[in-house]
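*Asks:* Predicted coordinates and the sequence they were generated for:
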Amino acid sequence: MESNKKITKLDVLIDYISELVENDYIVKSEYSTNYRDTKVIVVQENDGEKVVFFGNVDSLNDYFEINIFSDSIREAKNTASLLGHLIGQSVYRDYQVEEENKKYKDKWKMIFKQYSNPQTINYQDIRRVSYMLTLQCIITKVFRKENI
Amino acid sequence: MINFQHFLNNREIIKKLALNTGTTSTPTFTEMCTTSEVGLTTDFEKQDFFVFCDAIKRSIITGVSLAIECTVKIDMNNVAIQKTLGNIHALIKQGTVAQFNNQLVQFELIEAVEEGVLTYKKYQVPVNLEFSDLGGAAEDSAEYSLVLNINGKGEEVSAT
């Protein structure tokens, strides 16, 4: 993926989830009620216990609440199970980014540690049924190389 | 080139632990326990001594005992697990323990990272199999503990 803006942990996760669901859903960080968007996955950072190191290092764990809105309850449940299978996996993602007129090749890593079992959530509006789960993960940029 | 923190999950330290399940002199390795944690533990033995006119204790490392420890979920379709259970059968039926000694195992141990990609070294080592807690540890999932005490120098197979 190529990007001109600074990539955040949330971007990496959203990008990966969209690839997993094969662009069948629109994956974004905020819920909106666009008329045509019946199949939407909303990924938002959530609170949870974080591990903090001594030294100049980001805290270890991140928590992301994932809400899956879909046309049918079965479809939403299946997608929730698909994301649940991420637990215990570690995934690398490569990005080409441009910062201050310099091009970089970045490598990000995600380790999925735990997740809460998917459960149904209240209707945001009458047309959508939805499932919610929370993933505990470690998302870090592990490597950067300047493109020559 | 900038390197940031590169944390690993516990499946990335030792990978592809496999027992020799071959029945001929050519080893055939079957992977197992890919669902449980695999750890490499060391027990350093040291000798303490004092030198003349000096009360500060010195010590030197004189040897190390190395072991791979894991909890194996019993997957009856896995040949390596069938073979380990077969060793227990042989013990009961024939009273022998030779099947636990000097068995060849293969595993990959993390070595380094090159441009963000982890590299491993693959080893074959002779081990003594210590088998315990069959079915005893968990109420509702069959498993056993396996300690592979490394019994001699290993051989590097090929880098992966």
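*Replies:* Structure received.
*Asks:* contacting residues for the residue of chain B found nearest chain A?
*Replies:* Residue nearest to chain A within chain B (Cβ to the nearest Cβ): residue B:116, separated by 3.1 Å. For the C-beta atoms, the positions are set from N, CA and C on the backbone; glycine is no exception. Each residue near residue B:116 by Cβ atoms under 8 Å, 6 or more residues apart in numbering or on different chains is listed here: A:92, A:107, A:142, A:143, B:6.
*Asks:* do residue B:20 as well
*Replies:* Contacts of residue B:20 by Cβ under 8 Å, 6+ apart are B:27, B:28, B:29, B:103, B:104, B:105, B:106.
*Asks:* now with 7 Å?
*Replies:* Listed by Cβ atoms under 7 Å, 6 or more residues apart in numbering or on different chains, the contact set of residue B:20 reads B:27, B:28, B:29, B:103, B:104, B:105.
*Asks:* Let me know how buried the fourth one is, in neighbour terms.
*Replies:* In this case it means residue B:103. Number of residues near residue B:103 (other Cβ atoms under 10 Å in any protein chain shown) recorded here: 20.
*Asks:* what sits against it?
*Replies:* By Cβ under 7 Å, 6+ apart, the neighbours of residue B:103 are B:19, B:20, B:126, B:127, B:129.
*Asks:* Show me the beta-bridge partners of the residue most central in space within chain B.
*Replies:* Against the mean C-alpha coordinate of chain B, by Cα atoms, centre = their mean, the closest residue is residue B:68 at 2.7 Å. Per DSSP bridges, the residues bridged to residue B:68 are residue B:40, residue B:148.
*Asks:* What residues does it make contact with?
*Replies:* By Cβ under 7 Å, 6+ apart, the contact list for residue B:68 reads B:14, B:17, B:38, B:40, B:107, B:148.
*Asks:* swap in residue B:48?
*Replies:* B:57, B:59.
*Asks:* Closest one of the contacts of residue B:116 to residue B:111?
*Replies:* Nearest to residue B:111 among the contacts of residue B:116 is residue B:6, at 13.4 Å by Cβ to Cβ.
*Asks:* my read: that closest one touches residue B:113, true?
*Replies:* Yes: using Cβ atoms under 7 Å, residue B:6 makes contact with residue B:113 at a distance of 6.1 Å.
*Asks:* Am I right that residue A:17 sits in a strand?
*Replies:* No: Residue A:17: not assigned to a strand; according to DSSP: H, G, I helix; E, B strand; the rest coil it is helix.
*Asks:* Pull the number of nearby residues for residue A:53.
*Replies:* That count, for residue A:53 with other Cβ under 10 Å as the rule, works out to 10.
*Asks:* Would you quantify the distance from it to chain B?
*Replies:* 9 Å (Cβ to the nearest Cβ, to the nearest Å).
*Asks:* What parts of chain A come near chain B?
*Replies:* A:57, A:88, A:90, A:107, A:109, A:111, A:138, A:140-145 (Cβ under 7 Å from any Cβ of the partner chain).
*Asks:* Quick check: phi and psi at the residue in chain A that chain B sits nearest to.
*Replies:* Closest to chain B within chain A is residue A:143: 3.1 Å, counting by Cβ to the nearest Cβ. For residue A:143, the backbone dihedrals (degrees, to the nearest 10) come out as phi -160, psi 140.
*Asks:* contacting residues for it?
*Replies:* Going by Cβ under 7 Å, 6+ apart, residue A:143 touches A:107, B:3, B:4, B:115, B:116.
*Asks:* before we move on, back to that, from the contacts of residue B:116, which single one is nearest residue B:62?
*Replies:* Using Cβ to Cβ, residue B:6 comes nearest to residue B:62 of the contacts of residue B:116, at 34.2 Å.
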